[in-house]
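In: Just need the structure, nothing else, for what follows:
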Amino acid sequence: MRSLWYGNEFKLGVLGAGQLGRMLIQEAINWNVHVYTMDSDPDSPCSKISHQFTCGSITNYEDVLEFGKDKNLITVEIENVNLEALEELERNGVEVFPQPRVLRIIRDKGIQKQFYSENNIPTADFRLIDKKEIFSNVDFLPFAQKLRTGGYDGKGVQIMRSESDFEKSFDAPSVLEKFVDFEKELAVIVARNKKGQVTSYPTVECEFNPDANLVEFLFSPAEISHKIEEDARKMAIEIIEKLDMVGILAVEFFLTKEGDLLVNEIAPRPHNSGHHTIECNVTSQFEQHLRSILNLPLGATDLIQPGAMINILGEPNSSGSVFYDGLEKLLNESGVHVHIYGKETVKEFRKMGHFTITGLNLSEVKQKALRLKGNLKAKSVS
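Out: Sure thing, here's the model as predicted:
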């Protein structure tokens, strides 16, 4: 008889204690799953609601090993963790999902790109460079320079349109990704458990903040043809199966003007492009992640209602204690669901929360989203 996955008998550890961990805990509470988290920030979003919080570095071998040694299962909310410690925990009988070998592929954008090439998965043309080799790649312009490791939420990306942009380049191993003349940016969330059961969510359409270079606004379902929808979902399933990964995987695509799908990046965890599933789908991405890593039957992914998700980002030049300007006015709107992440301090473009807008049809949702976008501002207290 397998050990119970709920109650005092079972300890689920999460490396990282930000908003993704917070929303995972909110789902875990429904099933009486006890979640233990670790983060270097003592005031992180999970610190007050975890079954137990540990202040420690998720990139430090000893901290991760000590944190994980009494846990039944470890998962992550960010890829930048100490993989050597996770591999040692695996050898000692602790389950780790997504598996460390999968995290090795995904957290290095260079290895990730090579994985696509080796498995005939369509992606944008790219080159791998070491430090200042960027100056010998004028012929490849225009392109995006992406740090191979350490980048997140738009950080670690520089846009290179001409040789004059090279002065702002990163002096570190990077991927140079050729610009794609795309029509839309899409994303698919897919999940897989240990039994090999796989399911995917309907494709969503994303809009990025050009200054912060991160998702600011998305809507579901995406306005695409049935064929593109099926192709995107099949490709996402192909990727998680070729990775032989357990957990939830976000797959971001470029849809070119010729109608081709190119994989941009993947993330082996709950993702910003799946936050709307809390209100819009039968099973949220956070519940689905729990189901997959606990090897439970995966939940239905059907769309209950169309929706749009808007990130609440720190206002430009904000720094200090946070004040949410427009919150009460927004809560007066029907079909608006606000999620505040519990971060006490705000910084420019920091993700402070999100809100989801639901409605009877996509046209109504989009109109309301465009009207309300920017109405809730995360500012520093003057």
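In: so where do the strands sit in the stretch 101-250 of the chain?
Out: Per DSSP state E, counting those that start in this stretch, the stretch 101-250 of the chain carries strands over the ranges 126-129, 143-147, 157-160, 174-178, 182-192, 198-200, 204-209, 214-220, 247-256.
In: Let me have these in JSON lines, extended by distance to Ile266.
Out: In short, each C-beta sits where N, CA and C put it, glycine included. Formatted as JSON lines, the strands of the stretch 101-250 of the chain follow (distance: least, CB to CB, whole Å):
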{"stretch": "strand 126-129", "distance to Ile266": "14"}
{"stretch": "strand 143-147", "distance to Ile266": "13"}
{"stretch": "strand 157-160", "distance to Ile266": "16"}
{"stretch": "strand 174-178", "distance to Ile266": "14"}
{"stretch": "strand 182-192", "distance to Ile266": "10"}
{"stretch": "strand 198-200", "distance to Ile266": "13"}
{"stretch": "strand 204-209", "distance to Ile266": "14"}
{"stretch": "strand 214-220", "distance to Ile266": "14"}
{"stretch": "strand 247-256", "distance to Ile266": "5"}
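In: wait, Pro202 sits on Ser220?
Out: Yes - with contact defined as CB atoms under 8 Å, Pro202 and Ser220 form a contacting pair (6.1 Å).
In: Spit out the residues that contact those two alike.
Out: Leu303 (CB atoms under 8 Å, 6 or more residues apart in numbering).
In: Please identify which of these two sits among more neighbours.
Out: Counted by other CB atoms under 10 Å, Pro202 and Ser220 do not tie: Ser220 has more neighbours, with 26 against 19.
In: The more buried one touches Cys280, doesn't it?
Out: Yes - counting by CB under 8 Å, Ser220 touches Cys280, with 5.8 Å between them.
In: which neighbours do these two share?
Out: Residues within reach of Ser220 and of Cys280 at once, by CB under 8 Å, 6+ apart, are Leu303, Pro306, Gly307.
In: For the first one, which non-adjacent residue is spatially closest?
Out: In space, Leu303 comes closest to Pro202 once its chain neighbours are excluded; the distance is 5.4 Å by CB to CB, 6 or more residues apart in numbering.
In: Please list all residues in contact with the one you found.
Out: Going by CB under 8 Å, 6+ apart, Pro202 touches Ser220, Pro221, Ala222, Glu229, Asn281, Thr301, Leu303.
In: and Ile217, how far is that from Glu185?
Out: Rather than Ile, residue 217 is Phe. Distance of Phe217 to Glu185, given as CB to CB, to the nearest Å: 11 Å.
In: Also Cys206?
Out: Cys206 is 5 Å from Glu185, by CB to CB.
In: Give the residues shared as contacts by these two.
Out: Listed as contacting both Cys206 and Glu185 by CB under 8 Å, 6+ apart are Glu252.
In: hey, where'd the helices end up in this protein?
Out: In the chain, helices defined by DSSP state H lie at 19-30, 61-68, 83-91, 100-107, 109-118, 226-243, 277-280, 285-293, 327-331, 362-372, listed in chain order.
In: Would you point out which residue is most central in this protein?
Out: Using CA atoms, centre = their mean, the residue of the chain that lies closest to the mean C-alpha position is His271, 2.6 Å off.
In: Next up, phi/psi of it, please.
Out: phi -140, psi 160 (degrees, to the nearest 10).
In: Look up how far Ala187 lies from it.
Out: Counting by CB to CB, the gap from His271 to Ala187 is 7 Å.
In: same question, Gln285
Out: Per CB to CB, Gln285 is found 11 Å from Ala187.
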